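Trainee: here is a sequence together with a model predicted from it:
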Amino acid sequence: MAGLDDLGTETSIAFTRLQELLELTPGNLITHLRRLEEAGYVQTTEGGRKRGTDVAMTARGARAFADHRQALREMLDT
């Protein structure tokens, strides 16, 4: 996905936008986000009726994502 290198722990995205980008149903996305939140990788913030829910990667999530990408690079390089 383009732009993931630019995501930091200060970046958040609206739930509806993330759903649109990933082409998931709300229920599917909620299930995935719940698991990621339990692992400490993302944090969701509800902003009320007009604002909706925002999703942000935590510092732990950013580290895990970077480690995962590095492992994939190493696998592809062998």
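Mentor: That came through fine. As the structure is a computational prediction, the values presented were derived from the model and not from experiment.

Trainee: Glu20 sits in which helix or strand?
Mentor: Taking DSSP states H and E as the criterion, Glu20 maps to helix 15-22.

Trainee: hey, where'd the strands end up in the protein?
Mentor: In the chain, the segments counted as strands under DSSP state E are 12-14, 42-46, 53-57.

Trainee: out of those strands, flag the one nearest Leu72.
Mentor: With Cβ to Cβ as the measure, strand 53-57 is the member of these nearest Leu72 (17.6 Å). Any C-beta I mention is one placed from the backbone N, CA and C, and that applies to glycine too.

Trainee: in its sheet, what does the closest one sit against?
Mentor: Applying DSSP bridges to the sheet, strand 53-57 is found paired with strand 12-14 (antiparallel), strand 42-46 (antiparallel).

Trainee: so what's the gap between the shortest one and the chain middle?
Mentor: The chain centroid and the centroid of strand 12-14 are separated by 9 Å under Cα atoms, centre = their mean, to the nearest Å.

Trainee: mind listing what's buried along that strand?
Mentor: Ser12 (16 or more other Cβ atoms under 10 Å).

Trainee: quick one on the thing from earlier: pipe the strands of the chain into a markdown table and attach mean pLDDT per row.
Mentor: Formatted as a markdown table, those follow (pLDDT from 0 to 100):
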| stretch | mean pLDDT |
| --- | --- |
| strand 12-14 | 91 |
| strand 42-46 | 94 |
| strand 53-57 | 94 |
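
Trainee: which one of those is the most hemmed in?
Mentor: strand 53-57 (a mean of 18; mean count of other Cβ atoms under 10 Å).

Trainee: now do it against helix 15-22, angle only.
Mentor: Counting by axes from the mean of the first three to the mean of the last three Cα atoms, to 10 degrees, strand 53-57 lies at 60 degrees to helix 15-22.

Trainee: I appreciate the help and will end here.
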